[in-house]
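Asks: all I have is the shape, not the residue letters:
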């Protein structure tokens, strides 16, 4: 009986080794002849098409229910799949070299005030962007620093590019660089620093 068990065990080990050795063998034959050329595919797009628009002196008030509609220019043809990114010029400062640096913040933006939370937010369509304010307190107690003369940039990007996650949308400068947006910088000296 022990002899049969030893023979059976040896046979199983030998068969297992053959299986493992045959599985690791990667024999590749010679390359075959080149196949025929495939059919021409449809023309693709030239690249990501993004657009940037800027509005100045955007003011929220009780008269406009603390919301502002920013229509896209008539020359712009938006798509239902496009995504709008909105940035407010929040501050400017001058470096030691005398360069004026712009500080852009992506919306939505929530500010904690002594009265509670204040939020700048937006929604968009293929025709416009609607900016609005929301707060835990009556908006009519806000001062001009919170409501008046905002400079707003809207970047419209293709939805598939936005959804790819290839870009940090919170950083306006990175968005502009990645998408090859034109430099819209102006002399914003005197623009108030926001909260």
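Replies: That came in fine, so what should we check first? Nothing here was measured: the structure is a model prediction, and the numbers come from that model.

Asks: pull the longest strand from this protein.
Replies: When the chain is parsed with DSSP state E, its longest strand is strand 83-94.

Asks: quick one: strands adjacent to that one?
Replies: strand 100-107 (antiparallel), strand 150-157 (antiparallel) (DSSP bridges).

Asks: of those, which stretch is the most buried?
Replies: Each of these was scored by mean neighbour count; the highest is strand 150-157, a mean of 21, by mean count of other Cβ atoms under 10 Å. Quick note: C-beta positions are derived from backbone N, CA and C, even for glycine.

Asks: for the protein, give me the ranges with low pLDDT.
Replies: Along the chain, segments meeting pLDDT under 70 span 1, 3-9, 11, 14-27, 41-48, 190, 195.

Asks: how about residue 194, secondary structure?
Replies: Under DSSP: H, G, I helix; E, B strand; the rest coil, the three-state class of residue 194 is coil.

Asks: return the residues in contact with the nearest residue to it once chain neighbours are set aside.
Replies: Excluding its sequence neighbours, the residue lying closest to residue 194 (Cβ to Cβ, 6 or more residues apart in numbering) is residue 90, at 4.9 Å. By Cβ atoms under 8 Å, 6 or more residues apart in numbering, the contact set of residue 90 is 103-105, 193-194.

Asks: what do you get for residue 121?
Replies: If you count contacts by Cβ under 8 Å, 6+ apart, residue 121 has them with 107-108, 131-134.

Asks: and those, which are buried?
Replies: Neighbour-count burial (16 or more other Cβ atoms under 10 Å) applied to the contacts of residue 121 gives 107, 131-133.

Asks: tell me the gap between the longest strand of the chain and the middle of its chain.
Replies: Distance of strand 83-94 from the chain centroid (Cα atoms, centre = their mean, to the nearest Å) equals 15 Å.

Asks: for stretch 164-182, same thing?
Replies: On the basis of Cα atoms, centre = their mean, stretch 164-182 sits 7 Å off its chain's mean C-alpha point.

Asks: and of the strands paired with strand 83-94, who's closest to residue 80?
Replies: Closest approach to residue 80 among these (Cβ to Cβ): strand 150-157, 12.0 Å.
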